[in-house]
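**Student:** Next one to model:
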Amino acid sequence: MTPNAKRLFIAVIAVQIVFLLGLVGYRESILSLGRTAVLETVPVDPRDLFKGEYVTLRYEISTIGEGSLAPLKNQYFLEGEINEGDTVYVNLTNIDSDVYRLFVQADKPSPYADLYIKGRATQVRNGTVTIEYGIEQYFLPEGRGKEIETADDVKVRVSINRSGTAAIKELIVDGTVWRP
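**Tutor:** Purely as a prediction, here's the structure:
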């Protein structure tokens, strides 16, 4: 191997390592520096043969119907309509302690929003918008998926950075923090 080929090989490996560390660092910065909200959820699909055991989480704020947005249009200005693939900013408002619920959606964060989460509209049909936030899967230790799936009440504590990107901090199962 020539010296130039060896340097190129080392540079490619170094770039890959820096990239991976950057991804991990970004997610860790969300968890440590972001604001916290607790989202209502319904867990489904506890196991996948290839990915291992995980829970797919469907949030209360994942489906927005025309009926739920209609009364809110007077509170915040909404620009244009929502189409599949659009980036969506969902404003969250504190209801009770650290439990947050959906109040409005906009194609950019409302200047009046205290806390918002960024997602992508994956489906728009008959006045209903389905949104994914990138926090729909939570991986579990082997054999623990049924605990989450059969629980009466599951909430997810997420950390949200200033740009609206969220990361799962922990699950709250039947009122207590779930430890894997």
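**Student:** wait, Asp153 sits on Asp174?
**Tutor:** Yes - using Cβ atoms under 8 Å, Asp153 is in contact with Asp174, at 5.3 Å. Where C-beta positions appear, they are placed from N, C-alpha and C, glycine not excepted.
**Student:** Please name every helix or strand in contact with the lengthiest helix in the chain.
**Tutor:** Counting residues, the longest helix in the chain under DSSP state H turns out to be helix 3-33. Judged by 3 or more Cβ pairs under 8 Å, 6 or more residues apart in numbering; DSSP states H and E, helix 3-33 is in contact with strand 154-160, strand 166-173.
**Student:** Which of those strands sits closest to Lys118?
**Tutor:** Nearest to Lys118, of all those, is strand 166-173, at 7.6 Å by Cβ to Cβ.
**Student:** what angle separates that closest one from helix 3-33?
**Tutor:** Going by axes from the mean of the first three to the mean of the last three Cα atoms, to 10 degrees, strand 166-173 is angled at 50 degrees with respect to helix 3-33.
**Student:** any idea of the pLDDT on Leu49?
**Tutor:** With respect to pLDDT, Leu49 has a value of 52.
**Student:** Same check on Ala113?
**Tutor:** On the pLDDT scale, Ala113 is placed at 72.
**Student:** burial measure for it, as a count.
**Tutor:** Neighbour count of Ala113, defined by other Cβ atoms under 10 Å: 18.
**Student:** and it, helix, strand or coil?
**Tutor:** Assigned by DSSP: H, G, I helix; E, B strand; the rest coil, the conformation of Ala113 is coil.
**Student:** my guess is it contacts Tyr89, does it?
**Tutor:** Yes - between Ala113 and Tyr89 there is a contact under Cβ under 8 Å: 7.5 Å.
**Student:** Next, the contact list for Pro180, please.
**Tutor:** 140-141, 144 (Cβ atoms under 8 Å, 6 or more residues apart in numbering).
**Student:** in the longest helix of the chain, what counts as buried?
**Tutor:** By 16 or more other Cβ atoms under 10 Å, the buried positions in helix 3-33 come out as Ile30.
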